[in-house]
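Q: sequence below, structure please.
(2 chains)
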Amino acid sequence: AQKVTQAQTEISVVEKEDVTLDCVYETRDTTYYLFWYKQPPSGELVFLIRRNSFDEQNEISGRYSWNFQKSTSSFNFTITASQVVDSAVYFCALSDELDTGRRALTFGSGTRLQVQP
Amino acid sequence: EAGVAQSPRYKIIEKRQSVAFWCNPISGHATLYWYQQILGQGPKLLIQFQNNGVVDDSQLPKDRFSAERLKGVDSTLKIQPAKLEDSAVYLCASSLRSFEQYFGPGTRLTVT
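A: Predicted structure coming up:
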C-alpha cells in the first residue's frame, strides 16, 4: 500500500533562513506522481508542484526548490531565504495506481513551518 | 478563472443530525474529489467522480455518507446520521486531464 511520511511535525526558523522539508514515500508502482501542497492558516490547499516518477531533475521556482531522489524514495522541498508569508502547513502527496483511473492523493501528515520575523 | 466553490464554510450540528455539503468544481474539470481532513492530519479521500460516475469510493463510510454528482458538474456530500468523529474539514477538489488537483476552501464541520 502507498504511504507518505513527513517526519518533521513542526519546524521553526527565523526569517531569511533556508529550510528543508522532508518527504519519504512508499509505492509498489513504477509510474506515479508526487506533489507538494501548501495550506496557509486560511485552510485552502494550494498546489505547488507535481513531479512524475520518470523525471528526477531537480526543479527551482523562485525561492522554492525540490529534490527528487528515486533511489531513496524521497521528494524534499527547500525554501531559500524564508519569509513570514511562508508560514503554513506543507503536505507531500503521492498519486499511484494510475492504470486503474484512480487519482486519489495519499497525503503525509504535514509539516507545520513557522517563520519568525 | 474561478476556483472550486464550496458551501457552507462552517457548520455546527448535533450528533445524529444530518448535514449536506455542496461543491462546484472549476469549469470544465471532469474529475471531482471529496476529501476529509481531521485536525492535525493530511486529507483522506472519500470519493472520486469522473463526470457523473464513481471511480473510487473505497474509503467512504457508506452506512452514513453518500455523495452524488448528477449532471457531471456540481456535487453534494451528505452525512446521515452524523457522529462526533465526523468533525473535520471536508475538502472538494477538481482536476482536468493533468494530475494536479485544485482544492476549494473547505467546509468545517463540528459535531457536538
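
Q: least trustworthy helix or strand in the chain by mean pLDDT?
A: Looking at chain A here, since you left the chain open. In chain A, no helix or strand scores lower on mean pLDDT, DSSP states H and E than strand A:59-61, which sits at a mean of 87.

Q: chain B is the one I meant
A: When the helices and strands of chain B are scored by mean pLDDT, DSSP H and E, strand B:53-56 comes last with a mean of 92.

Q: name the next helix or strand downstream of it, please.
A: With elements assigned by DSSP states H and E, the helix or strand that comes after strand B:53-56 is strand B:65-68.

Q: need the residues that contact that following strand.
A: Contact with strand B:65-68 is made by B:34, B:46-47, B:49, B:57, B:60, B:75-80, as judged by CB atoms under 8 Å, 6 or more residues apart in numbering or on different chains. Using the backbone N, CA and C atoms, a C-beta is placed for each residue, glycine as well.

Q: buried ones in that strand?
A: By 16 or more other CB atoms under 10 Å in any protein chain shown, the buried positions in strand B:65-68 come out as B:65-67.

Q: of the residues you listed, closest to chain A?
A: Proximity of the buried residues of strand B:65-68 to chain A was ranked by CB to the nearest CB; the top entry is residue B:67 with 14.1 Å.

Q: residues in a beta bridge with that closest one, which ones?
A: residue B:77 (DSSP bridges).

Q: do you know the pLDDT at it?
A: pLDDT, the model's per-residue confidence, is 97 for residue B:67.

Q: which bits of chain B sit near chain A?
A: Contact residues, chain B versus chain A (CB under 8 Å from any CB of the partner chain): B:31, B:33, B:35, B:40-45, B:48, B:50, B:55-56, B:89, B:91, B:93, B:95, B:98-106, B:108.

Q: burial measure for whatever residue of chain A ends up closest to chain B, as a count.
A: Proximity of chain A to chain B (CB to the nearest CB) peaks at residue A:107, 2.9 Å away. Neighbour count of residue A:107, defined by other CB atoms under 10 Å in any protein chain shown: 22.
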